[in-house]
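Chemist: Pasting a predicted model and its sequence here:
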Amino acid sequence: MTDPTRGVLYPDRLPHFTRLPPGDEASDLVEWYWIPQWDLPDGVESRQTLLSYPAANLAVEPDGVTLWGVTTRPSERVLRGSGWAVGALLRPAALSVLTAAPADLADSHVVLDEPALHGAVAAAMPDVQAAVDAVESWLVARVGALTPEARLANAVAELLMNDPGVLRLDDAAERLRVSARTLQRLAHRTVGLPPAAMIRRRRLQEAAQRVRDDPGASLADIAADLGYADQAHLAHDFRTVLGFTASDYRGDR
């Protein structure tokens, strides 16, 4: 399973947080489950900035069930009072069943009318494993058998987001033995982001993690290791996407 701090820019600020892998039946539907729980004193906030994994999320919270689309920019969540959420980071095979147009859901969300799912999860909390089991059972029943296209979409996302050797769309197309155009269309239909954007997101997540966790590494070395043209290219991505420099981020730790 991917490092649980990947995409979390300030992990030390997280509330109590559990991340669980999917069971065998849902391994083609879910990357992982995430369960934050918090109980903050009056007047205290927990503010977390995320450079999210390029995938949709199904979230069950005390007030309902929401399908969140892929994000194209950093997002921020401010926690107050007490609460919890049981979320599933969805693989393309699941998202393409839950919405007909993933690209239309980018940077947006839709509330799902699923009272049985909500009731089962709310009744299970704070037993996080039981709550996750309820989400998993619902997803497996809702999605059903996977089509060949759904399996290919999963393979595309897995390659683009986890293989550091894939730096260009053509790299992925050659590896999967399909055309670049096929990959572009498939990503649009099942993720909501173009493949090039997914690759950029992976590299920036990895760069942020290196900058944060390896203070002895030079920014030039990090840029070279992750396939950036040079340090200036890495600096441009930081400023453009995150709004601050890599040096500022390292100093803000």
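Modeler: Thanks, I have it.
Chemist: now whatever helix or strand residue 158 lives in: mean pLDDT?
Modeler: Counting by DSSP states H and E, the element that carries residue 158 is helix 148-162. The average of the pLDDT scores along helix 148-162 is 93.
Chemist: Please save the CA atoms from that helix in CSV.
Modeler: Written as CSV, here are the backbone C-alpha positions of helix 148-162 (Å, rounded to 0.1, in the frame of the first residue of the first chain):
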residue,chain,number,x,y,z
PRO,A,148,-12.1,-5.6,-19.6
GLU,A,149,-12.1,-1.8,-20.0
ALA,A,150,-12.4,-1.3,-16.2
ARG,A,151,-9.4,-3.6,-15.6
LEU,A,152,-7.4,-1.8,-18.2
ALA,A,153,-8.3,1.5,-16.5
ASN,A,154,-7.0,0.2,-13.2
ALA,A,155,-3.8,-0.9,-14.9
VAL,A,156,-3.3,2.6,-16.4
ALA,A,157,-3.8,4.3,-13.0
GLU,A,158,-1.5,1.9,-11.3
LEU,A,159,1.3,2.5,-13.8
LEU,A,160,0.9,6.2,-14.0
MET,A,161,0.8,6.7,-10.2
ASN,A,162,3.3,4.2,-8.9
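Chemist: Buried residues, the next helix or strand after it. List them.
Modeler: Next along the chain after helix 148-162, taking DSSP H and E as the criterion, comes helix 169-176. For helix 169-176, burial by neighbour count (16 or more other Cβ atoms under 10 Å) applies to 169, 171-173, 176. C-beta: built from backbone N, CA, C; applies to glycine.
Chemist: what's the distance between the closest residue in space to residue 8 that isn't next to it in sequence and residue 197?
Modeler: In space, and not counting its chain neighbours, residue 8 is closest to residue 50: 6.1 Å by Cβ to Cβ, 6 or more residues apart in numbering. From residue 50 over to residue 197 the distance is 16 Å, taken as Cβ to Cβ, to the nearest Å.
Chemist: so who does residue 10 touch?
Modeler: Shown in contact with residue 10 (Cβ atoms under 8 Å, 6 or more residues apart in numbering): 48-49.
Chemist: Torsion angles phi and psi at residue 167?
Modeler: In this entry, residue 167 is assigned phi and psi values of phi -110, psi -10 (degrees, to the nearest 10).
Chemist: Isn't it up against residue 199?
Modeler: Yes: contact criterion Cβ atoms under 8 Å: residue 167 and residue 199 qualify, at 6.7 Å.
Chemist: Looking only at neighbour counts, state which of these two leads.
Modeler: Using other Cβ atoms under 10 Å, the more surrounded residue of residue 167 and residue 199 is residue 199, with 23 against 15.
Chemist: Following element in sequence after the strand or helix carrying the more buried one, please.
Modeler: Under the criterion of DSSP H and E, residue 199 resides in helix 195-213. As assigned by DSSP H and E, the chain's next helix or strand after helix 195-213 is helix 219-225.
Chemist: nearest residue to the residue positioned nearest the centre of the chain other than its sequence neighbours?
Modeler: By Cα atoms, centre = their mean, the chain has its centre lying nearest to residue 53, at 2.6 Å. By the measure of Cβ to Cβ, 6+ apart, the closest residue to residue 53 outside its immediate chain neighbours is residue 7, 5.4 Å from it.
Chemist: and stretch 197-215, how far out from the chain's middle?
Modeler: Distance of stretch 197-215 from its chain centroid, counting by Cα atoms, centre = their mean, to the nearest Å, is 13 Å.
Chemist: Identify the residues contacting the residue lying farthest from the centre of the chain.
Modeler: What lies farthest from the middle of the chain is residue 42; by Cα atoms, centre = their mean that is 30.3 Å. With contacts taken as Cβ under 8 Å, 6+ apart, residue 42 has no neighbouring residues.
Chemist: State whether it is indeed within a strand.
Modeler: No: secondary structure of residue 42 (DSSP: H, G, I helix; E, B strand; the rest coil): coil, not part of a strand.
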